[in-house]
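Q: no FASTA, just this:
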């Protein structure tokens, strides 16, 4: 799927974001296309002038993101400028269906990344950013064994609060850029991961960045995903609360209360976030609009050559 084809995909205005109505297979094809696409003459000229090609940004919103979009206005710009937005949360898919704007399926970041690795061309370069100390390194070892054609060129587990330290923040960009990855998998937690990559995407020497939450933990075996039947039933959140009650119980309770208000407003045609969302061609789509639209639109670090 080329870029022009991607931009003709339908989108659903939901909870303050434009969500791409695509299946996992199409999302994998698009992301790998960006990760391996040859640079055009114009892009090469721009790279010569500015030093880097702009990093593509893939977001995977769930209920927590929907709440953050209401509570943290700075996140809205990140979503407005993302290249691909995929519905990770089952409640988002259910809400879209209830509004008669169905999304074809849930596309979780923790499904997307393994699918990308499985379909990756030989030698695709991957950098893992996030998770706790030692976790990204274990995830790299798993990838090397399970998908030997993929090159994990580096990993980093930055300390808490690194984004508030200009020196640490800049050094993390340098660590990523030293490896020039085709795919940057980010697991710093929301909204930190989205805000960080958005702030630095003009400086990052990575072709595509996927904000994928706990995916690095799942790959490393540090955390377990819910059984398939719970995933299919939209109950993966319940499994995660059971596994990490101290960290997630309060957040999920808060998000659940706020999301009920968000969903009620969406169903009544009076969303809590009525701001206009900008399409890539400069056209505007109100979050009030019902029908889908069609538009052209760490500090443990190791690096390998």
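A: Structure received. Note that the structure is a prediction, hence the values are computed from the model and not measured. Residues are numbered from 1 along each chain as shown.

Q: so where's the stretch 51-200 of the chain uncertain?
A: 51-52 (pLDDT under 70).

Q: can you pull out the helices in it?
A: In the stretch 51-200 of the chain, the segments counted as helices under DSSP state H, counting those that start in this stretch are 63-71, 74-80, 90-98, 109-119, 135-146, 166-177, 192-200.

Q: Can I get these in JSON lines including distance to residue 30 and mean neighbour count?
A: For glycine as for every other residue, the C-beta is placed from the backbone atoms N, C-alpha and C. Below are the helices of the stretch 51-200 of the chain laid out as JSON lines (distance: least, Cβ to Cβ, whole Å; neighbours: other Cβ atoms under 10 Å):
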{"stretch": "helix 63-71", "distance to residue 30": "20", "mean neighbour count": "22"}
{"stretch": "helix 74-80", "distance to residue 30": "17", "mean neighbour count": "18"}
{"stretch": "helix 90-98", "distance to residue 30": "19", "mean neighbour count": "19"}
{"stretch": "helix 109-119", "distance to residue 30": "10", "mean neighbour count": "20"}
{"stretch": "helix 135-146", "distance to residue 30": "21", "mean neighbour count": "18"}
{"stretch": "helix 166-177", "distance to residue 30": "22", "mean neighbour count": "15"}
{"stretch": "helix 192-200", "distance to residue 30": "18", "mean neighbour count": "21"}
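
Q: Please produce CSV containing those, extended by distance to residue 262.
A: As requested, the helices of the stretch 51-200 of the chain are exported to CSV (distance: least, Cβ to Cβ, whole Å):
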stretch, distance to residue 262
helix 63-71, 6
helix 74-80, 14
helix 90-98, 8
helix 109-119, 21
helix 135-146, 32
helix 166-177, 32
helix 192-200, 18
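
Q: so who does the nearest residue to residue 211 once chain neighbours are set aside touch?
A: Excluding its sequence neighbours, the residue lying closest to residue 211 (Cβ to Cβ, 6 or more residues apart in numbering) is residue 193, at 4.5 Å. In this structure, residue 193 makes contact with 130, 186, 187, 211, 213, judged by Cβ atoms under 8 Å, 6 or more residues apart in numbering.
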